[in-house]
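> Quick check, what structure comes out for this input:
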Amino acid sequence: MLPFIWTVFVVAAVGAFIVIGAYWLDVQDRPDLTFRSRVAWSAGALLFPLTIPAYAFLGGPSWPPALRIAAFLPAVALALFAGFVLGVFR
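Below you'll find the model as predicted:
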């Protein structure tokens, strides 16, 4: 089971980096956001497991369904990493 979980972790981690980049670029590219809200959403990248799904569903960017699902990849990668650190997966 460990090779499967490790593979899911690696795919989620790589996808998370892509989603974080897509999130930041989308925030910077939106002309309807004020400077203050653009800075706030950008600073929200530090809390990416929470802010990226919030932005995808509540921020109004009208992301396609595939990106809305991918918005949860950073949280999945962190959960799997925590599982490895705590010894849940052997």
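
> For residue 58, give its distance to residue 7.
Residue 58 sits 32 Å away from residue 7, going by C-beta to C-beta, to the nearest Å. C-beta coordinates here come from the backbone N, C-alpha and C atoms, glycine included.

> Stretch 59-67 spans what distance, first to last residue?
End-to-end span of stretch 59-67 (C-alpha to C-alpha, to the nearest Å): 13 Å.

> what's it in contact with?
19, 22, 26, 30, 41, 55, 56, 71 (C-beta atoms under 8 Å, 6 or more residues apart in numbering).

> For this structure, which segments count as helices?
Taking DSSP state H to define them, one finds helices in the chain at 2-29, 35-43, 48-58, 65-70, 73-86.

> what does the last one contact?
Helix 73-86 is contacted from outside by 5, 8-9, 12-13, 15-16, 19-20, 48-49, 52-53, 89, using C-beta under 8 Å, 6+ apart.

> Distance to residue 64, neighbour count and pLDDT for the contacts of stretch 59-67 - can I get that in JSON lines?
Output for the contacts of stretch 59-67, formatted as JSON lines (distance: C-beta to C-beta, whole Å; neighbours: other C-beta atoms under 10 Å; pLDDT from 0 to 100):
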{"residue": "19", "distance to residue 64": "13", "neighbour count": "22", "pLDDT": "92"}
{"residue": "22", "distance to residue 64": "11", "neighbour count": "17", "pLDDT": "89"}
{"residue": "26", "distance to residue 64": "12", "neighbour count": "16", "pLDDT": "89"}
{"residue": "30", "distance to residue 64": "16", "neighbour count": "14", "pLDDT": "89"}
{"residue": "41", "distance to residue 64": "19", "neighbour count": "22", "pLDDT": "89"}
{"residue": "55", "distance to residue 64": "14", "neighbour count": "20", "pLDDT": "89"}
{"residue": "56", "distance to residue 64": "10", "neighbour count": "24", "pLDDT": "88"}
{"residue": "71", "distance to residue 64": "11", "neighbour count": "23", "pLDDT": "92"}
